[in-house]
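[1] I'll drop the sequence and a predicted model, then ask my questions.
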Amino acid sequence: MATGESPPMDEGKGSKPPGDRERVIVVTGVSGSGRATAMRVLEDLGWYCVDNLPVAVALTVVRLAIEHDPALKGVALGIDPRERIFFPEWPHFFAELKKAGFPPQILFLDASDEILARRYSETRRPHPLAEAGLSVAESIRRERLALAEMRERADRFIDTSALTVHELRELITTFVLGAPGRSTMTVALVSFGYKYGLPVGLDLVFDVRFLSNPFFVAELRSLDGLDPKVRQYVMGQQEATRFLEEVGRLLAFLLPLYRREGKSYLTIGFGCTGGRHRSPVIVRALKDRLAELGVDAQVRDHDLER
């Protein structure tokens, strides 16, 4: 999961593993990050979806939905800080869901402040937490603070900054159709450029700017890290091979420990200056190395097309 995921709480006496129809996903995140889209995806997958739900009635809604619709795939609850009366008590109500046999999975959506501000500018909609005198940036910051603990507890974190609607749909579908309560952990390797800032949601970050930059080689400058010539140039450096060996050993030590603590999603960032040459090569080389350890890592290039 999720970035900063906490260990699962002890099961209550009345709890039981959720079946397909008893799955509950709480969809939350900062406003403008794609929560409405996520709810539509879940609805298309056969889930009963309720947005802007007061957390105090979450258990009642889940029970009614599951009891009255035998064809239901699960229940998705859209929750955010706009529901100001009961929202601060969400840990208590989530614990009630778990004790009743409906342990909620938290799907947290986020995006960079720059992207969120641009989306609000394009739609000309006010931020839902905006008050008199507050700018969009200040409203976003305020919302992040309100959601900080829920973000830490999330089972799946998705940064939508560079995602299309179709890519977001694919990620959510994969999350939903995966086996509930799975013991495996999804590892994502993200290349990025420091000149654009760190992507949201990275658990671990490695700087590969110590490697010689293909950008300063005339015949390589217009190419990117997907080109065999760039890959050969980067991986031809002794330091690149040594780096992969050391990081591979570190991850061989860390991954089992993260799994033991119940972490279901780990995002590892590798940054170079622009995110076009060195970091895309490194993430693909590391993916191959992790495959030798039995880890099927996902690769994503955050800034390759910039």
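    It's in. Residues are numbered from 1 along each chain as shown.
[2] can you pull out the helices in the stretch 151-300 of the chain?
    In the stretch 151-300 of the chain, the helices defined using DSSP state H, counting those that start in this stretch lie at 165-177, 228-235, 238-260, 278-291.
[3] Columns mean neighbour count and distance to R40 on top of the ones you listed, output as TSV?
    C-beta coordinates here come from the backbone N, C-alpha and C atoms, glycine included. Shown next, in TSV, are the helices of the stretch 151-300 of the chain (neighbours: other Cβ atoms under 10 Å; distance: least, Cβ to Cβ, whole Å):
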stretch	mean neighbour count	distance to R40
helix 165-177	16	9
helix 228-235	17	39
helix 238-260	14	32
helix 278-291	22	31
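[4] Distance to A76 and mean pLDDT for these - can I get that in JSON lines?
    Shown next, in JSON lines, are the helices of the stretch 151-300 of the chain (distance: least, Cβ to Cβ, whole Å; pLDDT from 0 to 100):
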{"stretch": "helix 165-177", "distance to A76": "9", "mean pLDDT": "85"}
{"stretch": "helix 228-235", "distance to A76": "41", "mean pLDDT": "97"}
{"stretch": "helix 238-260", "distance to A76": "26", "mean pLDDT": "94"}
{"stretch": "helix 278-291", "distance to A76": "31", "mean pLDDT": "96"}
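[5] so can I have a markdown table of the ones you listed showing distance to R153?
    Listed next are the helices of the stretch 151-300 of the chain as a markdown table, based on distance: least, Cβ to Cβ, whole Å:
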| stretch | distance to R153 |
| --- | --- |
| helix 165-177 | 16 |
| helix 228-235 | 38 |
| helix 238-260 | 15 |
| helix 278-291 | 26 |
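[6] any idea which helix or strand of this protein has the worst average confidence?
    The helix or strand of the chain with the poorest confidence is helix 113-123; it has a mean of 77 (mean pLDDT, DSSP states H and E).
[7] For A146, give its distance to E83.
    Between A146 and E83 the distance is 11 Å, computed by Cβ to Cβ, to the nearest Å.
[8] Oops, could you answer that again for A240 instead?
    Computed as Cβ to Cβ, the A240 to E83 distance reads 50 Å.
[9] Please apply the same query to H68.
    From H68 over to E83 the distance is 24 Å, taken as Cβ to Cβ.
[10] who's more crowded, those two?
    It is E83, of H68 and E83, that has more neighbours when counted by other Cβ atoms under 10 Å, with 16 against 9.
[11] so the more buried one touches N52, yeah?
    Yes. Here E83 reaches N52: they are 6.4 Å apart, a contact under Cβ atoms under 8 Å.
[12] follow-up on the earlier one: helices or strands up against the least confident helix or strand of the chain?
    Applying 3 or more Cβ pairs under 8 Å, 6 or more residues apart in numbering; DSSP states H and E, we find helix 113-123 packed against helix 136-152.
[13] Using CSV, write down the CA coordinates of the helix it packs on.
    Extracted as CSV, the C-alpha positions of helix 136-152 are listed here (Å, rounded to 0.1, in the frame of the first residue of the first chain):
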residue,chain,number,x,y,z
VAL,A,136,-6.6,27.3,-3.2
ALA,A,137,-3.1,26.4,-2.0
GLU,A,138,-4.0,27.1,1.6
SER,A,139,-7.2,25.0,1.3
ILE,A,140,-5.2,22.1,-0.2
ARG,A,141,-2.8,22.3,2.7
ARG,A,142,-5.6,22.4,5.2
GLU,A,143,-7.2,19.3,3.6
ARG,A,144,-3.9,17.4,3.6
LEU,A,145,-3.6,17.9,7.4
ALA,A,146,-7.1,16.6,8.0
LEU,A,147,-6.4,13.5,5.9
ALA,A,148,-2.9,12.9,7.1
GLU,A,149,-3.8,10.0,9.4
MET,A,150,-6.1,8.3,6.9
ARG,A,151,-3.3,8.6,4.3
GLU,A,152,-0.9,6.8,6.7
